[in-house]
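*Asks:* here is my input, please return the structure:
(2 chains)
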Amino acid sequence: DGGITQSPKYLFRKEGQNVTLSCEQNLNHDAMYWYRQDPGQGLRLIYYSQIVNDFQKGDIAEGYSVSREKKESFPLTVTSAQKNPTAFYLCATKFRGEAFFGQGTRLTVV
Amino acid sequence: DQQVKQNSPSLSVQEGRISILNCDYTNSMFDYFLWYKKYPAEGPTFLISISSIKDKNEDGRFTVFLNKSAKHLSLHIVPSQPGDSAVYFCAASVNSGGSNYKLTFGKGTLLTVNP
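*Replies:* Below you'll find the predicted structure:
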């Protein structure tokens, strides 16, 4: 089955801990993105990667880090420097004009 | 600076009537526009797109209109169905939406279709 897999769907962490969100794709798309959704804020771009071993900051990159060692994988680390990490995180690939989204990970920091 | 604006946070319509969702943009370099639909706790799914060389694109019950001079686009859903109830995001890109160019999203409009 082709698609984008984000795991886990729900994630709980204690304040001050780093946490890594997984995103795997088998669509063979070069471009991958991380968005964050908050109520009333729409989708805000955290990081994106156009090709393996390359990535750029999006609009709200502070407190986040990424890596792109393989075409299939684009993990996002939410660090303790992120002031308000509780949110719904969406991973996407992009092919030509269209973005394809995973099912999202709901991160709750307590 | 918000480059893609959806000024109506919510819209409520009766089943069978037309739903019109609006979107404005400020970046004149945008030349490719998309609409996405999102249910709670799920990823957005693609609905319909339009290139700036066109002013209308139709797909079944969904039609997108683009007014470049006004930097405005709208999504029409006719007839509206209860299953259309979701958040709708407008998105825009440059360079005809090529893979290397990011999408900029609006804040979304929650559509509720009442039976």
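
*Asks:* only C-alpha atoms from now on, for both contacts and neighbour counts.
*Replies:* Noted.

*Asks:* and the helix or strand residue A:94 falls within, what does it pack against?
*Replies:* In the assignment (DSSP states H and E), residue A:94 maps to strand A:87-95. The contact analysis (3 or more Cα pairs under 8 Å, 6 or more residues apart in numbering or on different chains; DSSP states H and E) places strand A:87-95 against strand A:4-7, strand A:31-38, strand A:98-101, strand A:105-109.

*Asks:* so which bits of it are buried?
*Replies:* Buried residues in strand A:87-95, defined by neighbour count with 16 or more other Cα atoms under 10 Å in any protein chain shown: A:88, A:89, A:90, A:91, A:92, A:93, A:94, A:95.

*Asks:* dump it to CSV, restricted to CA.
*Replies:* C-alpha atoms of strand A:87-95 as CSV (Å, rounded to 0.1, in the frame of the first residue of the first chain):
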residue,chain,number,x,y,z
ALA,A,87,-0.1,20.2,18.9
PHE,A,88,-1.2,18.0,16.0
TYR,A,89,1.8,17.3,13.7
LEU,A,90,1.4,16.4,10.0
CYS,A,91,4.0,15.0,7.7
ALA,A,92,3.6,15.4,4.0
THR,A,93,5.3,14.6,0.7
LYS,A,94,5.0,16.8,-2.4
PHE,A,95,5.0,15.7,-6.0
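
*Asks:* partners of it in the sheet?
*Replies:* strand A:31-38 (antiparallel), strand A:98-101 (antiparallel), strand A:105-109 (antiparallel) (DSSP bridges).

*Asks:* and the worst-scoring helix or strand of chain B on mean pLDDT, how far out from the chain middle?
*Replies:* Every helix and strand in chain B was compared by mean pLDDT, DSSP states H and E; the lowest is strand B:104-105, with a mean of 92. With Cα atoms, centre = their mean, to the nearest Å as the basis, strand B:104-105 stands 11 Å off its chain's centre.
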